[in-house]
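> Curious how this folds, go ahead:
(chains A and B)
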Amino acid sequence: AQSVAQPEDQVNVAEGNPLTVKCTYSVSGNPYLFWYVQYPNRGLQFLLKYITGDNLVKGSYGFEAEFNKSQTSFHLKKPSALVSDSALYFCAVYEGPARQLTFGSGTQLTVLP
Amino acid sequence: DTAVSQTPKYLVTQMGNDKSIKCEQNLGHDTMYWYKQDSKKFLKIMFSYNNKELIINETVPNRFSPKSPDKAHLNLHINSLELGDSAVYFCASSQGNSPAYNEQFFGPGTRLTVL
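Numbering: from 1, shown residues only, chains lettered A, B, ... in the order given. Model (predicted):
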(Lines give C-alpha, C1' and ligand atoms only; values in the text may rest on other atoms or scores of the structure.)
Protein backbone atom coordinates (compact mmCIF):
# COMPACT_ATOMS: atom_id res chain seq x y z
CA ALA A 1 0.00 0.00 0.00
CA GLN A 2 1.09 3.52 -0.69
CA SER A 3 1.54 5.96 2.15
CA VAL A 4 2.82 9.36 3.18
CA ALA A 5 4.39 10.41 6.45
CA GLN A 6 4.48 13.84 7.99
CA PRO A 7 7.15 13.63 10.68
CA GLU A 8 6.23 16.86 12.45
CA ASP A 9 2.94 17.33 14.25
CA GLN A 10 3.67 21.01 14.79
CA VAL A 11 5.81 23.60 13.03
CA ASN A 12 6.28 27.10 14.37
CA VAL A 13 7.83 29.88 12.32
CA ALA A 14 8.09 33.63 12.66
CA GLU A 15 6.24 35.82 10.21
CA GLY A 16 8.44 36.76 7.29
CA ASN A 17 10.68 33.73 7.66
CA PRO A 18 10.71 30.86 5.19
CA LEU A 19 8.68 27.83 6.12
CA THR A 20 8.97 24.14 5.34
CA VAL A 21 6.44 21.42 6.08
CA LYS A 22 7.88 17.97 5.54
CA CYS A 23 6.40 14.96 3.80
CA THR A 24 7.92 11.66 2.77
CA TYR A 25 6.22 9.05 0.66
CA SER A 26 6.26 5.36 -0.04
CA VAL A 27 4.86 4.18 -3.37
CA SER A 28 5.36 1.20 -5.61
CA GLY A 29 5.24 3.10 -8.88
CA ASN A 30 5.31 6.70 -10.01
CA PRO A 31 4.09 8.96 -7.22
CA TYR A 32 1.15 11.30 -7.48
CA LEU A 33 1.51 13.68 -4.56
CA PHE A 34 -0.67 16.44 -3.18
CA TRP A 35 -0.80 19.12 -0.52
CA TYR A 36 -4.04 20.28 1.05
CA VAL A 37 -4.62 22.94 3.72
CA GLN A 38 -7.32 23.01 6.37
CA TYR A 39 -8.14 26.29 8.07
CA PRO A 40 -9.92 26.15 11.44
CA ASN A 41 -13.46 24.84 11.17
CA ARG A 42 -13.20 24.54 7.40
CA GLY A 43 -12.89 21.77 4.86
CA LEU A 44 -9.64 20.96 3.10
CA GLN A 45 -8.48 23.12 0.22
CA PHE A 46 -6.22 21.97 -2.57
CA LEU A 47 -2.83 23.69 -2.70
CA LEU A 48 -0.80 21.87 -5.33
CA LYS A 49 0.07 18.53 -6.82
CA TYR A 50 2.95 16.70 -8.46
CA ILE A 51 2.27 14.16 -11.17
CA THR A 52 5.21 14.46 -13.51
CA GLY A 53 7.59 17.04 -14.90
CA ASP A 54 9.38 19.82 -13.07
CA ASN A 55 10.40 18.84 -9.55
CA LEU A 56 9.41 22.25 -8.23
CA VAL A 57 5.66 22.64 -8.22
CA LYS A 58 4.00 25.99 -7.62
CA GLY A 59 0.60 26.24 -6.02
CA SER A 60 -1.89 28.56 -4.40
CA TYR A 61 -1.13 31.36 -1.92
CA GLY A 62 2.57 31.46 -2.82
CA PHE A 63 3.26 27.88 -1.74
CA GLU A 64 5.51 25.53 -3.63
CA ALA A 65 6.68 21.99 -3.12
CA GLU A 66 9.83 20.20 -4.14
CA PHE A 67 9.67 16.63 -5.32
CA ASN A 68 12.84 14.71 -4.51
CA LYS A 69 12.86 11.18 -5.86
CA SER A 70 16.12 10.09 -4.23
CA GLN A 71 14.92 11.17 -0.80
CA THR A 72 11.29 10.18 -1.47
CA SER A 73 10.20 13.55 -0.18
CA PHE A 74 7.69 16.20 -1.18
CA HIS A 75 8.24 19.11 1.19
CA LEU A 76 5.97 22.13 1.16
CA LYS A 77 7.70 25.50 1.19
CA LYS A 78 7.03 29.20 1.21
CA PRO A 79 9.71 31.91 1.08
CA SER A 80 8.02 34.28 3.52
CA ALA A 81 5.39 33.10 5.98
CA LEU A 82 2.26 35.03 6.84
CA VAL A 83 0.24 34.81 10.05
CA SER A 84 -2.71 33.87 7.85
CA ASP A 85 -0.82 30.75 6.72
CA SER A 86 -1.44 29.25 10.15
CA ALA A 87 -3.44 26.10 9.48
CA LEU A 88 -3.30 22.32 9.32
CA TYR A 89 -1.46 20.98 6.29
CA PHE A 90 -1.96 17.54 4.81
CA CYS A 91 0.23 15.68 2.39
CA ALA A 92 -1.52 13.00 0.32
CA VAL A 93 -0.65 10.30 -2.17
CA TYR A 94 -2.84 8.84 -4.85
CA GLU A 95 -3.37 5.09 -4.76
CA GLY A 96 -4.02 3.99 -8.31
CA PRO A 97 -5.77 0.66 -7.97
CA ALA A 98 -7.97 1.92 -5.16
CA ARG A 99 -8.55 5.25 -6.92
CA GLN A 100 -8.33 7.20 -3.71
CA LEU A 101 -6.19 9.68 -1.85
CA THR A 102 -4.37 8.55 1.27
CA PHE A 103 -3.62 11.43 3.60
CA GLY A 104 -0.81 11.94 6.04
CA SER A 105 -1.44 12.70 9.68
CA GLY A 106 -1.27 16.44 9.19
CA THR A 107 1.11 19.16 10.39
CA GLN A 108 -0.14 22.14 12.34
CA LEU A 109 1.67 25.24 11.12
CA THR A 110 1.69 28.26 13.39
CA VAL A 111 3.13 31.52 12.11
CA LEU A 112 3.99 33.84 14.95
CA PRO A 113 3.68 37.61 14.49
CA ASP B 1 -22.72 30.36 -3.97
CA THR B 2 -21.32 27.64 -1.72
CA ALA B 3 -19.65 24.93 -3.78
CA VAL B 4 -19.99 21.95 -1.42
CA SER B 5 -22.39 22.28 1.46
CA GLN B 6 -23.21 19.97 4.33
CA THR B 7 -26.02 19.94 6.84
CA PRO B 8 -26.03 20.00 9.73
CA LYS B 9 -22.81 21.66 10.76
CA TYR B 10 -23.04 20.21 14.26
CA LEU B 11 -24.87 17.08 15.36
CA VAL B 12 -25.10 15.96 18.97
CA THR B 13 -26.99 12.77 19.66
CA GLN B 14 -27.31 9.83 21.98
CA MET B 15 -25.84 6.39 21.48
CA GLY B 16 -28.13 4.07 19.61
CA ASN B 17 -29.83 6.78 17.59
CA ASP B 18 -30.01 6.93 13.80
CA LYS B 19 -28.93 10.12 12.07
CA SER B 20 -28.26 11.47 8.58
CA ILE B 21 -25.84 14.01 7.20
CA LYS B 22 -26.63 15.66 3.89
CA CYS B 23 -24.21 16.88 1.25
CA GLU B 24 -24.87 18.89 -1.88
CA GLN B 25 -22.52 20.26 -4.51
CA ASN B 26 -23.36 22.84 -7.15
CA LEU B 27 -20.17 22.43 -9.16
CA GLY B 28 -21.62 20.01 -11.67
CA HIS B 29 -19.19 17.32 -10.53
CA ASP B 30 -19.90 13.66 -11.13
CA THR B 31 -17.99 12.17 -8.19
CA MET B 32 -18.63 12.65 -4.50
CA TYR B 33 -16.88 11.36 -1.39
CA TRP B 34 -17.30 10.97 2.34
CA TYR B 35 -14.30 11.26 4.64
CA LYS B 36 -14.01 10.81 8.38
CA GLN B 37 -11.59 12.93 10.42
CA ASP B 38 -10.99 11.63 13.93
CA SER B 39 -10.00 13.54 17.03
CA LYS B 40 -6.33 13.34 16.06
CA LYS B 41 -7.13 14.97 12.70
CA PHE B 42 -6.43 11.74 10.84
CA LEU B 43 -8.45 11.82 7.61
CA LYS B 44 -9.68 8.66 5.94
CA ILE B 45 -11.96 8.05 3.00
CA MET B 46 -15.16 6.14 3.65
CA PHE B 47 -17.08 6.12 0.38
CA SER B 48 -16.95 7.42 -3.14
CA TYR B 49 -19.75 7.68 -5.70
CA ASN B 50 -19.40 8.34 -9.39
CA ASN B 51 -22.56 9.18 -11.32
CA LYS B 52 -24.62 7.86 -8.41
CA GLU B 53 -22.77 4.55 -8.37
CA LEU B 54 -20.64 3.36 -5.48
CA ILE B 55 -16.98 3.03 -6.52
CA ILE B 56 -15.14 3.06 -3.20
CA ASN B 57 -16.42 1.42 -0.07
CA GLU B 58 -13.72 1.28 2.54
CA THR B 59 -13.92 -0.94 5.57
CA VAL B 60 -16.53 0.87 7.56
CA PRO B 61 -19.28 -0.70 9.65
CA ASN B 62 -22.42 -1.48 7.68
CA ARG B 63 -24.23 0.87 10.07
CA PHE B 64 -22.98 3.54 7.66
CA SER B 65 -24.98 3.71 4.46
CA PRO B 66 -24.40 6.33 1.78
CA LYS B 67 -27.18 7.28 -0.56
CA SER B 68 -26.88 9.28 -3.75
CA PRO B 69 -30.27 10.34 -5.09
CA ASP B 70 -28.62 12.28 -7.91
CA LYS B 71 -25.16 13.44 -8.96
CA ALA B 72 -25.38 16.58 -6.87
CA HIS B 73 -26.19 14.87 -3.57
CA LEU B 74 -24.53 12.27 -1.40
CA ASN B 75 -26.08 11.67 1.98
CA LEU B 76 -24.69 9.60 4.82
CA HIS B 77 -27.02 7.68 7.08
CA ILE B 78 -25.71 6.18 10.28
CA ASN B 79 -27.65 3.59 12.28
CA SER B 80 -27.21 2.69 15.92
CA LEU B 81 -24.66 5.40 16.63
CA GLU B 82 -21.71 4.52 18.85
CA LEU B 83 -19.31 6.64 20.85
CA GLY B 84 -16.53 5.87 18.38
CA ASP B 85 -18.53 7.46 15.59
CA SER B 86 -17.79 10.87 17.07
CA ALA B 87 -15.73 12.69 14.47
CA VAL B 88 -15.88 15.35 11.80
CA TYR B 89 -17.33 14.05 8.56
CA PHE B 90 -16.35 15.77 5.34
CA CYS B 91 -18.06 15.55 2.02
CA ALA B 92 -16.07 16.27 -1.13
CA SER B 93 -16.63 16.30 -4.84
CA SER B 94 -14.59 16.21 -8.04
CA GLN B 95 -15.14 16.11 -11.77
CA GLY B 96 -14.00 12.66 -12.73
CA ASN B 97 -13.19 9.80 -10.40
CA SER B 98 -9.44 9.87 -10.62
CA PRO B 99 -8.06 11.86 -7.69
CA ALA B 100 -4.72 11.91 -9.45
CA TYR B 101 -6.05 14.34 -12.01
CA ASN B 102 -9.25 15.71 -10.53
CA GLU B 103 -9.00 18.16 -7.67
CA GLN B 104 -11.35 17.43 -4.80
CA PHE B 105 -13.43 20.21 -3.29
CA PHE B 106 -14.36 19.74 0.34
CA GLY B 107 -17.37 20.83 2.30
CA PRO B 108 -17.06 22.58 5.68
CA GLY B 109 -17.58 19.40 7.66
CA THR B 110 -20.17 18.06 10.09
CA ARG B 111 -19.03 17.61 13.67
CA LEU B 112 -20.83 14.57 15.08
CA THR B 113 -20.77 14.04 18.83
CA VAL B 114 -22.25 10.86 20.23
CA LEU B 115 -23.02 10.95 23.96
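> remind me which residues of chain A are low pLDDT?
Within chain A, the stretches with pLDDT under 70 are A:97-98.
> List the contacts of the closest residue to chain B within chain A.
In chain A, the residue that lies nearest chain B is residue A:43 (3.1 Å; Cβ to the nearest Cβ). C-beta: built from backbone N, CA, C; applies to glycine. Taking Cβ atoms under 8 Å, 6 or more residues apart in numbering or on different chains, we find residue A:43 in contact with B:4, B:90, B:92, B:106, B:107, B:108, B:109.
> Grab the nearest non-local neighbour of it.
Closest residue to residue A:43 apart from its sequence neighbours, by Cβ to Cβ, 6 or more residues apart in numbering or on different chains: residue B:106 at 3.1 Å.
> Around that neighbour, count how many other residues there are.
22 (other Cβ atoms under 10 Å in any protein chain shown).
> can you check residue A:71 too?
11.
> pretty sure it contacts residue A:22?
No. Using Cβ atoms under 8 Å, residue A:71 is not in contact with residue A:22, being 10.4 Å away.
> which ones are touching residue 55?
Went with chain A since none was named. Each residue near residue A:55 by Cβ under 8 Å, 6+ apart is listed here: A:66, A:67, A:68, A:69.
> You answered for a different chain; I wanted chain B.
Listed by Cβ under 8 Å, 6+ apart, the contact partners of residue B:55 are A:99, B:31, B:48, B:49, B:97.
> Next: residue A:106.
Residue A:106 touches A:6, A:9, A:38, A:88, A:89, A:90, B:41, B:42, B:43, counting by Cβ under 8 Å, 6+ apart.
> Which of those residues ranks first by neighbour count?
With neighbours taken as other Cβ under 10 Å, the top of the contacts of residue A:106 is residue A:90, carrying 27 neighbours.
> Is the residue in chain B positioned nearest to chain A bridged to anything, and to what?
Nearest to chain A in chain B, going by Cβ to the nearest Cβ, is residue B:106, at a distance of 3.1 Å. With DSSP bridges as the criterion, residue B:106 is bridged to residue B:92.
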